[in-house]
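Peer 1: next comes the sequence, and after it the predicted model I'd like to discuss.
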Amino acid sequence: MRISFDIDGLLVGPHFEAESTRWGFLRGSVENLRFGTRDLFEALVGQGHEVCIYTTSFRPALRIRWWLWVHGLRVGTVINGARHASEATRWQHSHTPSKYPPAFDIQIHVDDSPGVLLEGQDHGFSVLVIEPGDGAWVQHVLDAVRTIKR
């Protein structure tokens, strides 16, 4: 199963405890990554899933990959705002959603935005919304993946 994650507000935010980087001297020079992300991504990959990034940010895909690599992670597909916009011209929607995971063969998208959840309901794709203060967010993602996999 392909599972995508948003960045801003979900994996990056001012209110999260941060993961350590591979190299301590880089701390403070790269965006912090929400604590628990490393264990979550490793668990999902260990279960045979592909972890992807789907963000409306226009950060270059290579920069996103480098940032995750600094934190000891690798991901599959990276969809940023530019890639989403270029692909959106192919979709037959009267209202193009801000994210459309089915176009990238993604079965579940994890985000912090209730608006993306509404778009998922309108356009028929699975979204799990994680609140910024959710201390059990990793388990909530694992539970949702287990439920959808059935």
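Peer 2: Happy to help now that I have it.

Peer 1: just grab the bridge partners of the residue nearest to P101 when sequence neighbours are not counted for me.
Peer 2: Spatial nearest neighbour of P101, chain neighbours left out: H109 (4.6 Å); criterion: C-beta to C-beta, 6 or more residues apart in numbering. For glycine as for every other residue, the C-beta is placed from the backbone atoms N, C-alpha and C. On the basis of DSSP bridges, H109 is bridged to S4, V127.

Peer 1: what's the spacing between H109 and H15?
Peer 2: 22 Å (C-beta to C-beta, to the nearest Å).

Peer 1: more neighbours, those two?
Peer 2: Between H109 and H15, counting by other C-beta atoms under 10 Å, H109 is the more crowded of the two (27 against 8).

Peer 1: what sits against the more buried one?
Peer 2: Neighbouring residues of H109 by C-beta atoms under 8 Å, 6 or more residues apart in numbering: 3-6, 54, 99, 101, 116, 120, 125-128.

Peer 1: of these, which is the nearest to A82?
Peer 2: Nearest to A82 out of the contacts of H109 is Y54 (C-beta to C-beta; 12.6 Å).

Peer 1: settle this for me: the closest one is touching S4, isn't it.
Peer 2: Yes - applying C-beta atoms under 8 Å as the test, Y54 and S4 come out as touching, 3.8 Å apart.

Peer 1: which residue packs closest to R38, ignoring adjacent ones?
Peer 2: E19 (5.4 Å).

Peer 1: for E119, same thing?
Peer 2: Using C-beta to C-beta, 6+ apart, the closest residue to E119 is P97 (3.9 Å).

Peer 1: shared neighbours, Y54 and S4?
Peer 2: In contact with both Y54 and S4: 79, 101, 104, 106, 109, using C-beta under 8 Å, 6+ apart.

Peer 1: ranking those by neighbours, who comes first?
Peer 2: In terms of neighbour count, H109 stands highest of the shared contacts of Y54 and S4 at 27 neighbours, by other C-beta under 10 Å.

Peer 1: burial measure for the nearest residue in space to R34 that is not next to it in sequence, as a count.
Peer 2: Spatial nearest neighbour of R34, chain neighbours left out: F16 (4.2 Å); criterion: C-beta to C-beta, 6+ apart. When counting by other C-beta under 10 Å, one arrives at 19 neighbours for F16.
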